[in-house]
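Student: Below are the sequence and a predicted model; questions follow.
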Amino acid sequence: MRWSMTISSRHKSEKHTDPYINLKKESEKISAYIKNALLGEVFTTPKPGLVDLWDNGAHRDMNWITFRKSADEITPYLTAMYEEGYAFKERNWSGEKLDTLFLEIRETGRQAERAMYNATGGVNTHKGMLFSMGIICAALGYCRKKHFQNLKADGQQKELSMVWEVLDIARYMTEDILQKELQDMEAQVPKTHGERMLARYGERGIRGEVLDGFPVVRKTAYPELMKLMKEADKTVCQSQVNLQVLLKIMSELRDTNVLNRGGEEGLLWIQKESGAILKMNGAFSEEGMKRLIQMNQECIRKNVSSGGAADQLALTLFLWQAVNEKEIPVYCPVCIE
């Protein structure tokens, strides 16, 4: 059985003449891509240790409905961050640095965080996602304004170049502020999750990923999704494609969410197990799917969850839609059977 759900109607590419007139239409499309990415991640099933449509993974305080409520609430704020990036180019001629844009979207992010907690009854579903996707949305808006007459990728190399430019802008926009924050974190007694990971393992977490230009998204996740989306046919469920990308991310990312729950041993196990499943052809083989389901049960037993990898899957899904100007449908995982 297969059903598909897209967040809004399909949008046809248009010839843009006046960017101010078309910003509303652009924002509507970006909003759809954001929500598709957020729901596409949580609806991808079965994910090891993560919330999906089958179970709550290693989490006791949330389920897929919690994530859907959160996605509904935070999408307008993430869309607003895209618009802030789009508008910033006009003011940048006066010499404003891009870190000013980062400060602006951080305030929007704080508002989004409050909306998320209100929607979920105090459960943290997307705090890390708000940080990383907010930066990507603003960087994308900035790049879109810069290249307004040439929005859509037409060829693999151009597609990759567009993604790389967004990731580069994300780095330039944040580097001075985030480097200073990391220096301050190193000089104080660790209190937060991120501070503890930095003090104990030297891991910079999502700040480090941003400062390095999202290397796993750039070198692994996006090229893999791009390849699979070109190869996929009607017999392949979108969940299978997403799972394959997720496994690639999990096999490489030093996920501080896993480190926090399972330590270095837990992280190495996640990476090794993900790699082993990929060698079985991952989500595209019966053997790989069986091993994936077993891995989920073991993650639950070990109480480990690859939340950082899940966030990077959502970022990758969002970027693919944005540069291809095409929504990715969210498929029911029952069609895996």
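Tutor: Structure received.
Student: Please enumerate the strands of the protein.
Tutor: Secondary structure of the chain by DSSP state E: the strands cover 4-5, 330-331.
Student: For Met280, the count of nearby residues, please.
Tutor: Met280: 16 surrounding residues under other C-beta atoms under 10 Å. C-betas here are computed from N, CA, C, even on glycine.
Student: give me every residue that touches it.
Tutor: Listed by C-beta atoms under 8 Å, 6 or more residues apart in numbering, the contact set of Met280 reads Glu287, Gly288, Arg291.
Student: Phi and psi next, for it.
Tutor: phi -90, psi 10 (degrees, to the nearest 10).
Student: Now do Gln244 against Glu28, distance only.
Tutor: From Gln244 over to Glu28 the distance is 30 Å, taken as C-beta to C-beta, to the nearest Å.
Student: More neighbours: the two, which one.
Tutor: Gln244 (21 against 14).
Student: is it true that that one touches Lys227?
Tutor: No: contact criterion C-beta atoms under 8 Å: Gln244 and Lys227 do not qualify, at 9.7 Å.
Student: can you map out the helices along the stretch 101-250 of the chain?
Tutor: Using DSSP state H, counting those that start in this stretch, the helices found in the stretch 101-250 of the chain span residues 127-146, 156-186, 193-201, 205-211, 215-216, 222-231, 238-252.
Student: just for this structure, where's the confidence low?
Tutor: Where the chain drops to pLDDT under 70, the residues are 1-21, 89-96, 148-154, 234-235, 331-337.
Student: out of the contacts of Met280, which is most surrounded?
Tutor: Counting by other C-beta under 10 Å, top hit in the contacts of Met280: Gly288 with 21 neighbours.
Student: Not counting its neighbours along the chain, what's nearest Gln271?
Tutor: Nearest residue to Gln271, sequence neighbours excluded (C-beta to C-beta, 6 or more residues apart in numbering): Ser251, at 5.3 Å.
Student: Pull up the gap between the one you found and Lys29, please.
Tutor: According to C-beta to C-beta, Ser251 stands 32 Å off from Lys29.
Student: ditto for Lys158
Tutor: In terms of C-beta to C-beta, Lys158 sits 19 Å off from Lys29.
Student: Which of the two has more residues huddled nearby?
Tutor: Neighbour totals were compared for Lys158 and Lys29, and Lys29 leads with 21 against 13 (other C-beta under 10 Å).
Student: Just to check, that one is in contact with Glu325?
Tutor: Yes: contact criterion C-beta under 8 Å: Lys29 and Glu325 qualify, at 7.1 Å.
Student: okay, now the residue nearest to Gln271: neighbour count?
Tutor: Around Ser251 there are 19 other residues, counting by other C-beta under 10 Å.
Student: again, but for the one 10 residues further on
Tutor: Taking other C-beta under 10 Å as the criterion, the count of residues near Arg261 is 19.
Student: what sits against it?
Tutor: For Arg261, the contacting residues are Ala58, Lys302, Asn303, Val304, Ser305, by C-beta under 8 Å, 6+ apart.
Student: Please report how far it lies from Phe284.
Tutor: From Arg261 across to Phe284, the span is 29 Å (C-beta to C-beta).
Student: Likewise for Glu325?
Tutor: Distance check for Glu325 against Phe284: by C-beta to C-beta, it reads 27 Å.
Student: Check Ile300 too.
Tutor: 24 Å.
Student: does Arg196 really touch Asn260, like I thought?
Tutor: Yes: applying C-beta under 8 Å, one finds Arg196 in contact with Asn260, separated by 7.3 Å.
Student: more crowded one of those two?
Tutor: Counted by other C-beta under 10 Å, Arg196 and Asn260 do not tie: Asn260 has more neighbours, with 22 against 16.
Student: burial measure for the nearest residue to the more buried one once chain neighbours are set aside, as a count.
Tutor: Distance criterion C-beta to C-beta, 6+ apart; nearest residue to Asn260, sequence neighbours excluded, is His193 at 5.7 Å. Here the number of neighbours of His193 (other C-beta under 10 Å) works out to 14.
Student: From Asp212, how far off is His193?
Tutor: Where Asp212 is concerned, His193 sits at a distance of 19 Å (C-beta to C-beta).
Student: wait, the residue nearest to Asn260 sits on Leu259?
Tutor: No: here His193 lies out of contact with Leu259, judged by C-beta under 8 Å, at a distance of 9.6 Å.
Student: Find me whatever residue is spatially closest to Glu264, sequence neighbours aside.
Tutor: Tyr201 (7.1 Å).
Student: Run a quick neighbour tally on that neighbour.
Tutor: Residues near Tyr201, counting by other C-beta under 10 Å, number 16.
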